[in-house]
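A.B. asks: Here is my input; please provide its structure:
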Amino acid sequence: MTPSEYKKYKGLKRENLRDHYTDLELIFSMLGEAATTEVTQNKNAQGFNENKNAANRGGKIAGDAREKLETESGRKVSTTKNYLTDSEKNKKLK
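C.D. replies: Prediction:
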């Protein structure tokens, strides 16, 4: 999903998407980012196309790991649940 689609999936309007990730959602997002960074640096990616390829490869690494966990656990990682509760949202707004 794109970030906009994921925000809609979670029922968010203007809130920060990352503030509403569960622990596993955050872990797999960070894995994708770290894997992309590693691929980019190790392949010395230059220019848009090479960096896009590195991003796709990093995302695939995280996606494959997520799918493996979902298969083994029998539960989806992506969820409509939001990390912040209503009271925590109100505290954050103040």
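
A.B. asks: ok, which stretches of this structure are helices?
C.D. replies: Applying DSSP state H to the chain gives helices spanning 3-10, 23-42, 47-73, 86-93.

A.B. asks: Give me whichever of these is most buried.
C.D. replies: helix 23-42 (a mean of 16; mean count of other CB atoms under 10 Å). Yep, even glycine has a C-beta here, placed from its N, CA and C like the rest.

A.B. asks: low pLDDT regions in the protein?
C.D. replies: Counting by pLDDT under 70, the chain contains low-confidence ranges at 84-94.

A.B. asks: Report the central residue of it.
C.D. replies: The residue lying closest to the centre of the chain (CA atoms, centre = their mean) is Ser29, at 3.0 Å.

A.B. asks: quick one on the thing from earlier: which one of the helices of the chain lies closest to Leu17?
C.D. replies: Between Leu17 and the helices of the chain, the shortest gap by CB to CB is with helix 3-10, which sits at 5.3 Å.

A.B. asks: Between helix 23-42 and that closest one, find me the angle.
C.D. replies: On the basis of axes from the mean of the first three to the mean of the last three CA atoms, to 10 degrees, helix 3-10 is oriented at 170 degrees to helix 23-42.

A.B. asks: ok, residues contacting helix 3-10?
C.D. replies: 1, 13, 15, 17, 20, 78, 80, 82 (CB atoms under 8 Å, 6 or more residues apart in numbering).

A.B. asks: go on, stretch 67-77?
C.D. replies: Contacts for stretch 67-77 (CB under 8 Å, 6+ apart): 22, 24-25, 28, 66.

A.B. asks: I'd like the contacts of helix 3-10 as CSV, with neighbour count appended.
C.D. replies: Conversion of the contacts of helix 3-10 to CSV gives the following (neighbours: other CB atoms under 10 Å):
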residue, neighbour count
Met1, 10
Lys13, 6
Glu15, 16
Leu17, 16
His20, 20
Ser78, 16
Thr80, 9
Asn82, 18
